[in-house]
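Asks: The amino acid sequence is not available; the structure is as follows:
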């Protein structure tokens, strides 16, 4: 499959649009004047005498060829991407027979997009009409996005002006799950780096704490993720949480709205580690089964059983945790609609405060599961629809949503929570409406309101790179935080 462009270089959005219909496939690229052979999509732009653009888009696939032409005012960047998508999208629908539920939207934050359009147009009805008529989003997905906006509104209104969120990265896992697209390092391979990593992490926490104090910024959410934070032994967990308490949490003049530790893997959760989390007043944890079917867990490379996840959850409840999230993935190999339904039903019976339903990202999965039975797109859609209807009927509300490239059935990840148990961190981070200060390898600092709208600093993905470049990274972070203080003054 070839992506052909002539007269412009807007290949990124064309590729993203094409992946809605043929995910997990690599494409060739051509900028020749002549059209490529075989299957392709093509967008050719020439300039008319009056300065307008003449667009010619073609799709050749599955033995069918379609052509669309249009004259448009001169445009570039996102506006040009939109014009190309409007011509190419119906062609791709026609030659594949597919109609993605999110229409031609390729971005990861459709709820944020609906909110911004509603604010710009001054009316949610007009924003919804734009989603439906221009971007071809289904009524069901528009309703889902609108419901999430309604649930999120109190979190936005209650967020202090000078507050930031803190994300701490523990990029280690006991083993790597086959579907995982995050950079993480098994402790077996990287254990030798843990002492150095903990030293650097503690030092960075001190630096960030000093910056917060000097700039008068406050903290209202702390989220420790990974990786698997509970891969740390109790002594290292104590060291980490003690540093956060001393340098970031206690000095902040406002109480935390959320303190989450993504415990995650049930095989890393012990009574001793949970006791440490309770000691430091962690308010929310995740215990992530991903599935309650042992054959699915085995195919996914997770060395724990469904019963292990149940026991870890019950242990956390016994120890007094009153806000527990569970993650599940729709589309895992060897799973079926019936099996996924059983997992959701079992989760509902356990009654956690929130349940997050992810769709498998095919980009990484394709290499691992070629020999394993994968649920088709229709089955994944059925899984997601069942989860939504069941959870909503049981008192859970969808409160945040994001999409990823190459997702099974081009669907979405949705967090559901009982009222009052939504994660402010997840809402604010996914909406790009609060600055997040990232700490640790792979963590991303996101400054909202910079000269370019959002300023980002992503710390090195691998722990050894983070350790090698530590001093330079800290200097960059200091500059960003000082910029933030000026913006929020």
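Replies: That came through, no problem. Note that the structure is predicted; figures quoted are calculated from it, not measured.

Asks: residues in contact with the helix or strand hosting residue 129?
Replies: Using DSSP states H and E, the element containing residue 129 is helix 124-133. With Cβ atoms under 8 Å, 6 or more residues apart in numbering as the test, helix 124-133 has contacts from 103, 114, 117-118, 120-121, 137, 139, 142, 145-146, 149. Every C-beta, even on glycine, is put in place using the N, C-alpha and C of the backbone.

Asks: can we see that at 10 Å?
Replies: Identification of contacts with helix 124-133 by Cβ atoms under 10 Å, 6 or more residues apart in numbering yields 102-103, 105, 110, 113-121, 123, 137-139, 141-143, 145-146, 149-150.

Asks: Now a ChimeraX select for only the buried ones of the residues you listed.
Replies: Buried subset of those, written as a ChimeraX selection, criterion 16 or more other Cβ atoms under 10 Å:
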select :102,103,105,110,113,114,115,117,118,137,141,142,145,146,149
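
Asks: Now intersect the contacts of helix 124-133 with the helices, please.
Replies: Among the contacts of helix 124-133, the members falling in helices (DSSP state H) are 110, 113-121, 139, 141-143, 145-146, 149-150.

Asks: quick one, strands of the stretch 101-250 of the chain?
Replies: Assigned by DSSP state E, counting those that start in this stretch, the stretch 101-250 of the chain shows strands spanning 163-170, 172-173, 185-186, 218-226.

Asks: name the helices or strands packed onto the longest one?
Replies: Which is strand 218-226. strand 163-170, helix 194-215, helix 234-244, strand 258-264, strand 284-287, helix 424-430, strand 436-439 (3 or more Cβ pairs under 10 Å, 6 or more residues apart in numbering; DSSP states H and E).

Asks: Distance from the last one to the middle of the chain?
Replies: If I follow you right, that is strand 436-439. Averaging C-alpha positions (Cα atoms, centre = their mean, to the nearest Å) puts strand 436-439 16 Å from its chain's average.

Asks: ok, now the third one?
Replies: If you compare the mean C-alpha spot of helix 234-244 with that of the full chain, they lie 27 Å apart, counting by Cα atoms, centre = their mean.

Asks: With the fourth one instead?
Replies: Taking the mean of its C-alpha atoms, strand 258-264 sits 16 Å from the chain's own mean (Cα atoms, centre = their mean).

Asks: Return the set of buried residues in stretch 252-265.
Replies: Buried residues in stretch 252-265, counting neighbours by 16+ other Cβ under 10 Å, are found at 252, 256-265.

Asks: Could you dump the residues you listed into a markdown table with pLDDT and distance to residue 41 added?
Replies: Putting the buried residues of stretch 252-265 into a markdown table (pLDDT from 0 to 100; distance: Cβ to Cβ, whole Å) gives the following:
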| residue | pLDDT | distance to residue 41 |
| --- | --- | --- |
| 252 | 91 | 51 |
| 256 | 96 | 49 |
| 257 | 96 | 46 |
| 258 | 98 | 44 |
| 259 | 98 | 47 |
| 260 | 99 | 42 |
| 261 | 98 | 45 |
| 262 | 96 | 39 |
| 263 | 92 | 44 |
| 264 | 87 | 39 |
| 265 | 93 | 41 |
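
Asks: ok, so of those residues, who is nearest residue 418?
Replies: Lowest distance from residue 418 to the buried residues of stretch 252-265 (Cβ to Cβ) belongs to residue 258, with 14.9 Å.

Asks: Quick check: beta-bridge partners of the closest one?
Replies: Listed by DSSP bridges, the beta-bridge partners for residue 258 are residue 221.

Asks: separation between it and residue 423?
Replies: Distance, residue 258 to residue 423, by Cβ to Cβ, to the nearest Å: 6 Å.

Asks: Now for those two: what residues contact both?
Replies: 155, 221, 223, 284, 323.

Asks: for the second one, what are its contacts?
Replies: Read that as residue 221. Here residue 221 is in contact with 159, 163-167, 256-260, 284, 423-429, 434, 436 (Cβ under 10 Å, 6+ apart).

Asks: And the residues you listed, which of them are buried?
Replies: Neighbour-count burial (16+ other Cβ under 10 Å) is assigned, among those, to 159, 163-167, 256-260, 284, 423-429, 434, 436.

Asks: Mind checking what helix or strand follows the worst-scoring helix or strand of the chain on mean pLDDT in sequence?
Replies: Of all helical and strand segments in the chain, the minimum by mean pLDDT, DSSP states H and E falls on helix 362-368, at a mean of 56. Scanning forward in sequence from helix 362-368 by DSSP H and E, the next helix or strand is helix 377-393.

Asks: quick one: average pLDDT of that following helix?
Replies: For helix 377-393, mean pLDDT rounds to 97.

Asks: buried ones in it?
Replies: Quick answer for helix 377-393 (16+ other Cβ under 10 Å): 377, 379-384, 386-388, 390-391.

Asks: on contacts alone, who are the packing partners of it?
Replies: Other helices and strands packing on helix 377-393, by 3+ Cβ pairs under 10 Å, 6+ apart, are helix 139-157, strand 324-330, helix 337-350, strand 354-359, strand 396-402, strand 413-418.

Asks: Would you format those as TSV with distance to residue 26 and mean pLDDT included?
Replies: Compiled in TSV, the helices and strands packed on helix 377-393 are given as follows (distance: least, Cβ to Cβ, whole Å; pLDDT from 0 to 100):
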stretch	distance to residue 26	mean pLDDT
helix 139-157	28	97
strand 324-330	24	98
helix 337-350	29	98
strand 354-359	21	97
strand 396-402	24	98
strand 413-418	24	98
